[in-house]
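Visitor: Structure, please.
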Amino acid sequence: MNLKLFFSLVGGSMLLALYAHYFSGNEMLQFATSSLAIIFLAAWLGKSTESVAHYAGDRIGGFLNATFGNAAELIIAFFLVKEGLFDMVKASITGAIIGNMLLVLGLSTLLGGLKYKEQTFNGRLASHNASLMTLAIVALFIPAVFMFDLPMIKVEIISIVIASLLIIAYILWLIFSMITHSDFLSDIEPQESDAVWSKGVSLLMLAVSTFFVAVVSEWLVEGVQHVSKSLGWSELFVGAFVIAIIGNAAEHSAALLLALKGRIGAAVEIAIGSSLQIALFVAPTLVIISLLLGNPMDIVFTTFELAAIGVATFITISITRDGATNWFEGVLLLTVYIILGTVFFFA
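Guide: Got it, this is the predicted structure:
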């Protein structure tokens, strides 16, 4: 898309959201325009991170794509935590995890597979990703099993301990994958001949787009409760699918473009890496933030949420463990996502 047209769409969506928030008095319109603006801003953020990734290389570039792609989810979740909407926070975390593994990776492998008969990526990376996803399942499953019979103060302490351990594990994974064993986990894939912007402009675009995502995310959260009540949607469905799909827009745009260019390794790094970052860093960080805000959130997820994360993890590991993808595997991932969405809608 022409950059001038792209930024016109970004600016127009921002102005609509601004009008709806401050002048319309219509919370439904506020939610709709804020959602639209978040999607365009996330695309801007994704374009910025892709440009930065050109200078940083695939591993660091994939990490930056996942990190700044998750900025929308983290910022939205922060405002939800601030409002004390813990059920919706956990649902949005669940939605972000399964959305990246099933929707983002599913669309990437489907569309990339329609263009290329088979795409391959680093099998060692797939193996390590499987182990980390298993750790995430264990860390979320154990509290749900053992915490219900404990006093609230002990639940809070255990949540903080688990959150701290997950953050440490994630930091150690970054050291392992990007420093001590980076040569084993890198993919050799075709690079773009030119980046969209220079290195300095790319970093500036990254900072500015992240700032605007933060602003519009607050507007979105202010209208989400009214919308869920008006439409009769549960907080579980709104958090796990509506907010998560909006927040995943950056990952969608970046991963799909990379898959269509034959760079499935980078697309997998964004999709799987983003899910791992949500489970091992973003969710634990929100627990710590809630404690600092004086309204502690535990790390106990519902049976629905745990089942969804477990199923998504199982099929993702099954499909990616051989280091190769095709369009039919994308169909399988998307089918599971639609099944979960249907159940969440009626739950």
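
Visitor: Where does the prediction get shaky in the stretch 51-200 of the chain?
Guide: Applying pLDDT under 70 to the stretch 51-200 of the chain flags the ranges 53, 57-59, 61-62, 65-66, 69, 72, 148, 185-195.

Visitor: what are the ranges of the helices in it?
Guide: Assigned helices in the stretch 51-200 of the chain, in chain order: 58-69, 71-82, 86-98, 105-115, 123-146, 152-175, 182-185, 199-231 (criterion: DSSP state H, counting those that start in this stretch).

Visitor: Quick one: residues contacting residue 30.
Guide: Residues near residue 30 by C-beta atoms under 8 Å, 6 or more residues apart in numbering: 17, 20, 21, 24, 219, 222, 223. (Each C-beta comes from the backbone N, C-alpha and C, glycine too.)

Visitor: Out of these, which two sit at the greatest distance?
Guide: 24 and 222 (12.5 Å; C-beta to C-beta).

Visitor: Look at these two and report which has more neighbours.
Guide: Taking other C-beta atoms under 10 Å, residue 24 and residue 222 do not tie; residue 222 has more neighbours (16 against 13).

Visitor: separation between the more buried one and residue 20?
Guide: Computed as C-beta to C-beta, to the nearest Å, the residue 222 to residue 20 distance reads 11 Å.

Visitor: For residue 93, list the residues it contacts.
Guide: With C-beta under 8 Å, 6+ apart, residue 93 has these contacts: 73, 77, 278, 279, 282, 283, 286.

Visitor: With neighbour count and secondary structure as extra columns, can I get those in a markdown table?
Guide: Formatted as a markdown table, those follow (neighbours: other C-beta atoms under 10 Å; DSSP: H, G, I helix; E, B strand; the rest coil):
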| residue | neighbour count | secondary structure |
| --- | --- | --- |
| 73 | 31 | helix |
| 77 | 29 | helix |
| 278 | 29 | helix |
| 279 | 26 | helix |
| 282 | 25 | helix |
| 283 | 29 | helix |
| 286 | 25 | helix |
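
Visitor: now, which of those sits nearest residue 309?
Guide: The nearest one, if we look at the contacts of residue 93 relative to residue 309 and count by C-beta to C-beta, is residue 279, at 7.7 Å.

Visitor: Excluding chain neighbours, what is closest to the closest one?
Guide: Leaving aside its chain neighbours, residue 279 sits nearest to residue 136 (3.7 Å; criterion: C-beta to C-beta, 6 or more residues apart in numbering).

Visitor: how many neighbours does that neighbour have?
Guide: The number of residues packed near residue 136 is 22, by other C-beta under 10 Å.

Visitor: does it really touch residue 316, like I thought?
Guide: No - assessed by C-beta atoms under 8 Å, residue 136 is found out of contact with residue 316, at 11.5 Å.

Visitor: circling back to that earlier point, among the contacts of residue 30, which ones are buried?
Guide: The neighbour-count test (16 or more other C-beta atoms under 10 Å) applied to these identifies 17, 20, 21, 219, 222, 223 as buried.
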